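Asker: Okay, structure incoming, though there's no sequence with it:
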């Protein structure tokens with residue numbers, strides 16, 4: 001085990017916690033050589049940029065001479081055309097180029113000959129050509145100035161210490177004297193919270209609670225007590241044993257090593273140098289073959305595997321929400337070995353848990369229809385219970401996202417829990433959290449309409465990962481059929497030797513409790529424990545479903561008695577396994593009725609939203625927003641570079657937007673969208689004490705003061721870095737892109753459907769009565785059409801019209817694409833310039849006029865002058881947050 005020295009890690013990009021590492025390196029990558037190469041290339045490119053800028057500045061002196069030819073338009077046009085043709089440096093145009101989106105140079109040469117020969121040729125036309133040529137030269141000059149600013153901004157960032165990667169890669173040559181100070185060390189201010197949380201962690205992992213494993217096993221057995229349950233459990237255990245035996249004899253292949261590496265890289269398990277090493281190894285088949293051989297030897301001697309005796313250093317990392325998490329940095333071979341085994345166990349347990357969910361043991365949340373009821377549905381409505389109904393949609397959603405959601409469904413699909421993770425495609429942590437919010441809100445409207453009330457409970461397990469008792473984990477694994485040899489392996493894994501920064505030298509503490517974070521085996525341990533709670537709630541609360549994202553627990557129903565039963569069962573189970581609910585994250589509410597006193601006190605919160613029980617709508621908690629405004633203000637003030645400031649601002653605004661629910665689903669409506677827009681405006685005003693006009697004006701004045709650059713158009717700040725812009729985030733675009741698709745009062749959709757039911761019922765009745773008597777034999781005499789009461793009882797289980805309304809409210813609208821003006825379309829002359837998504841398209845459409853006026857195109861810096869390696873380094877860097 002390589003020696004490590006403790007260094008607190010600050011919060012990171014929410015979409016992925018990228019690479020950082022201190023101390024000596026194991027399996028080191030020549031990153032120093034890479035950094036030196038990048039510095040050399042960047043410095044050379046910036047020097048060349050400055051040289052060309054000065055040359056073009058001299059070249060543009062032709063404009064003064066052209067001004068003196070104002071009364072001689074033909075000579076002026078020829079002079080300017082010659083200047084455009086003569087320039088061979090960056091931004092040089094081809095002989096047949098079109099400039100100003102309207103002037104073809106090869107045509108112009110012939111036209112000028114025509115103008116010489118034809119005495120009646122229009123002087124106004126010639127002047128218009130000269131004006132286009134002059135604008136081209138001026139735009140090129142502006143682009144060189146912009147490139148100079150671009151280079152200065154990046155070198156300021158490299159030298160500033162505003163990001164970890166920047167510190168590692170600096171120093172580089174700086175163009176302006178005031179940027180010359182190099183920052184090679186960043187002394188972090190450790191916060192009191194970190195030490196308090198570390199002290200709590202040390203206390204937890206060293207004090208195992210007393211667990212009555214016999215009582216726990218008896219409780220779990222009671223969940224499988226009927227004949228169906230006993231048979232299911234026997235099959236479950238048999239499958240687990242067979243899997244464990246098979247895994248011992250499995251031969252790990254090169255492809256297995258490759259997906260294992262990819263799985264590790266999708267998590268936060270390793271720090272910078274080891275992650276970089278893995279990225280190199282993944283494309284080296286010879287090394288992968290050697291790794292496969294070593295891992296096979298380890299698997300063959302499973303019983304002898306152990307952690308390094310010197311222990312693993314605990315590495316505290318702070319996230320944007322203020323929490324610290326205790327990460328470790330294992331050796332690469334240990335990480336690969338544990339990841340491979342853990343992922344395969346995840347896949348096995350996930351499939352078996354899904355089998356339980358689909359079995360007769362798992363109680364449905366709505367009583368299933370009898371055989372006669374199904375037949376009547378088929379006869380009168382043309383449907384039985386099928387998939388075209390609300391309850392079928394709920395079941396599919398629950399199985400896909402909320403049933404053992406931390407377990408992989410296949411070897412290449414490892415989920416990563418991160419409550420601060422960025423938004424992304426369906427199935428990523430942020431979108432799953434938002435799906436839960438949408439499901440609860442939509443069901444609230446539905447239950448209020450159909451049943452008059454909606455009860456919801458939300459809770460969280462306090463210090464879940466660090467406090468999981470090993471005795472409980474091993475007892476539950478054994479209950480589900482894990483054999484003793486694998487129980488012994490899990491025991492060694494759980495009893496990780498750890499070292500803390502403030503421990504005396506050579507002190508190693510054996511974990512007596514909890515699971516190490518970001519290991520796939522840890523997810524197995526946690527999900528196995530929590531699936532017991534899932535099943536307990538289902539059995540004890542008459543089919544109620546526990547919506548669960550890791551240890552974030554939600555359940556709701558129109559029947560408050562079911563919620564009370566679920567809460568009682570959860571308390572029983574947590575006491576048996578030795579866990580505790582987090583009181584600060586626990587609460588309940590009843591919309592439309594009085595809350596049952598048996599349910600826990602506290603508000604229903606999701607991110608920065610709180611449920612208003614009087615309306616059933618989530619509203620923004622301004623007190624929480626104000627706290628984060630103070631923190632954002634402090635973090636922005638601690639940055640030393642413009643790009644560092646933008647990076648901090650972007651990450652914080654994205655974090656806040658996600659915690660406001662992100663892009664609103666239809667169930668939130670336009671009122672919520674307006675509230676988010678108002679909140680974002682407030683944050684901009686209040687976070688920037690020096691500028692009440694928002695981020696752009698603050699940056700504009702800062703750049704003017706530091707670099708002497710003036711008259712920068714607003715689009716310059718928002719356009720992507722690839723265009724020479726600063727990529728400042730405009731969080732309002734996310735909301736405005738769907739604003740028109742949101743309704744003012746979405747909660748009224750179910751009531752409108754209820755009002756339509758009478759007409760739809762009458763239409764179906766008349767349709768049935770008009771048909772010939774059915775020849776099929778039924779379980780009842782089909783002499784009379786079903787009553788309206790029976791028809792309306794099928795709203796959640798058979799009526800597709802209700803499912804349509806339910807799915808509509810759950811849907812997040814697709815962002816609208818703003819239309820391009822002819823000027824924008826003409827300026828996007830190649831594929832590389834085409835915006836990659838709705839956000840960039842929106843930015844281009846909004847700020848095109850001033851950008852095109854200033855720069856002549858959307859390329860505000862010639863792409864050949866952009867230090868590509870430096871840009872990639874910036875995009876991949878993590879912020880250094882003040883601790």
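Answerer: Yep, it's here. This structure is a prediction, so every number in the text was calculated from the model and none was measured.

Asker: show me the contacts for residue 48.
Answerer: By Cβ atoms under 8 Å, 6 or more residues apart in numbering, the contact list for residue 48 reads residue 865. From N, CA and C alone the C-beta is placed, and that goes for glycine too.

Asker: if I look at it, how far off is residue 133?
Answerer: 26 Å (Cβ to Cβ, to the nearest Å).

Asker: any idea which helix or strand comes after the host helix or strand of residue 752?
Answerer: In this assignment (DSSP states H and E), residue 752 forms part of helix 749-770. Next helix or strand after helix 749-770 toward the C-terminus (DSSP H and E): helix 788-792.

Asker: Figure out how far that next one is from the centre of its chain.
Answerer: With Cα atoms, centre = their mean, to the nearest Å as the basis, helix 788-792 stands 44 Å off its chain's centre.

Asker: Which strands and helices lie in contact with it?
Answerer: Applying 3 or more Cβ pairs under 8 Å, 6 or more residues apart in numbering; DSSP states H and E, we find helix 788-792 packed against helix 371-381, helix 749-770.

Asker: Show me what counts as buried in the first one.
Answerer: I take that to be helix 371-381. 373, 374, 375, 376, 377, 378, 379, 380, 381 (16 or more other Cβ atoms under 10 Å).

Asker: Verify the contact between the last one and residue 764 for me.
Answerer: Yes: contact between residue 381 and residue 764 holds when scored by Cβ atoms under 8 Å: they sit 6.6 Å apart.

Asker: For these two, list the residues in contact with both.
Answerer: residue 791.

Asker: So, low pLDDT: which residues of the stretch 651-800 of the chain?
Answerer: In the predicted model, the stretch 651-800 of the chain carries pLDDT under 70 at residues 689-692, 772-783.

Asker: Swap in 80 and give it another go.
Answerer: For the stretch 651-800 of the chain, the stretches flagged by pLDDT under 80 are 688-693, 769-783.

Asker: And the stretch 401-550 of the chain, by the same measure?
Answerer: 412-429, 500-503.

Asker: in it, which spans are helices?
Answerer: 429-451, 464-467, 470-479, 484-494, 520-540 (DSSP state H, counting those that start in this stretch).

Asker: Retrieve the pLDDT associated with residue 385.
Answerer: Predicted confidence (pLDDT) for residue 385: 57.

Asker: can you give me the strands in the chain?
Answerer: For the chain, applying DSSP state E gives strands covering 98-99, 103-104, 312-313, 315-318, 324-327, 454-460, 497-499, 509-510, 547-549, 552-557, 587-591, 605-606, 609-612, 617-620.

Asker: Those: which one's closest to residue 642?
Answerer: The closest of the strands of the chain to residue 642 is strand 315-318. By Cβ to Cβ, the value is 24.0 Å.

Asker: Show me what the closest one packs onto, helices and strands only.
Answerer: Applying 3+ Cβ pairs under 8 Å, 6+ apart, one finds that strand 315-318 contacts helix 192-206, strand 324-327.

Asker: Closest to residue 348 out of the buried residues of helix 371-381?
Answerer: Residue 348 lies nearest to residue 374 out of those, by Cβ to Cβ, at 35.0 Å.

Asker: how close does the closest one sit to residue 797?
Answerer: The value you get for residue 374 to residue 797, if Cβ to Cβ is used, is 10 Å.

Asker: How about residue 495?
Answerer: 50 Å.

Asker: Between these two, which is the more surrounded one?
Answerer: Comparing residue 495 with residue 797 by neighbour count (other Cβ atoms under 10 Å), the higher total belongs to residue 797, at 23 against 14.

Asker: Phi first, then psi, for that one.
Answerer: The phi and psi values for residue 797, taken as degrees, to the nearest 10, are phi -120, psi -10.

Asker: which residues does it contact?
Answerer: Contacts of residue 797 by Cβ under 8 Å, 6+ apart are 366, 369, 385, 389, 390, 391.

Asker: Report the buried members of these.
Answerer: 369, 385, 389, 390, 391.

Asker: Pull the contacting residues for the third one.
Answerer: It stands for residue 389. 794, 796, 797, 798, 799, 800, 802, 803.

Asker: hmm, 6 Å instead?
Answerer: Residue 389 makes contacts with 797, 798, 803, as judged by Cβ atoms under 6 Å, 6 or more residues apart in numbering.

Asker: now the last one
Answerer: In this structure, residue 391 makes contact with 366, 796, 797, judged by Cβ under 6 Å, 6+ apart.

Asker: Relative to residue 543, how far out is it?
Answerer: From residue 391 to residue 543 the distance is 11 Å (Cβ to Cβ).

Asker: residue boundaries of the helices in the stretch 201-350 of the chain?
Answerer: So, for the stretch 201-350 of the chain - with DSSP H, counting those that start in this stretch - the helices run 213-222, 227-249, 254-265, 272-281, 285-300, 332-357.

Asker: Would you convert the ones you listed into CSV that also reports distance to residue 658?
Answerer: Below are the helices of the stretch 201-350 of the chain laid out as CSV (distance: least, Cβ to Cβ, whole Å):
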stretch, distance to residue 658
helix 213-222, 37
helix 227-249, 38
helix 254-265, 23
helix 272-281, 25
helix 285-300, 37
helix 332-357, 26
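
Asker: do you know which of those lies nearest residue 650?
Answerer: Per Cβ to Cβ, nearest to residue 650 of the helices of the stretch 201-350 of the chain: helix 272-281, 21.7 Å.

Asker: In the closest one, which residues have enough neighbours to count as buried?
Answerer: Neighbour-count burial for helix 272-281 [16+ other Cβ under 10 Å]: 272, 273, 274, 275, 276, 277, 278, 281.

Asker: nearest to residue 125, of these?
Answerer: Nearest member of these to residue 125, counting by Cβ to Cβ, is residue 276, at 60.2 Å.

Asker: Look up the pLDDT of the closest one for me, please.
Answerer: Per-residue pLDDT puts residue 276 at 85.

Asker: Give me the pLDDT value at residue 99.
Answerer: Reported pLDDT for residue 99: 84.

Asker: excluding its backbone neighbours, what's nearest it?
Answerer: residue 136 (4.6 Å; Cβ to Cβ, 6 or more residues apart in numbering).

Asker: Can you give me the separation between that neighbour and residue 809?
Answerer: According to Cβ to Cβ, residue 136 stands 53 Å off from residue 809.

Asker: Equivalent analysis for residue 148, please.
Answerer: 52 Å.

Asker: What is the burial count for the nearest residue to residue 412 once chain neighbours are set aside?
Answerer: Excluding the flanking residues, the one nearest residue 412 by Cβ to Cβ, 6+ apart is residue 259, at 5.0 Å. Other residues within reach of residue 259, judged by other Cβ under 10 Å, total 19.

Asker: Any idea which of the helices of the stretch 401-550 of the chain gets closest to residue 570?
Answerer: helix 520-540 (6.1 Å).

Asker: That closest one vs helix 213-222, what angle?
Answerer: Helix 520-540 and helix 213-222 meet at an angle of 60 degrees, taking axes from the mean of the first three to the mean of the last three Cα atoms, to 10 degrees as the criterion.

Asker: Appreciated, that's everything.
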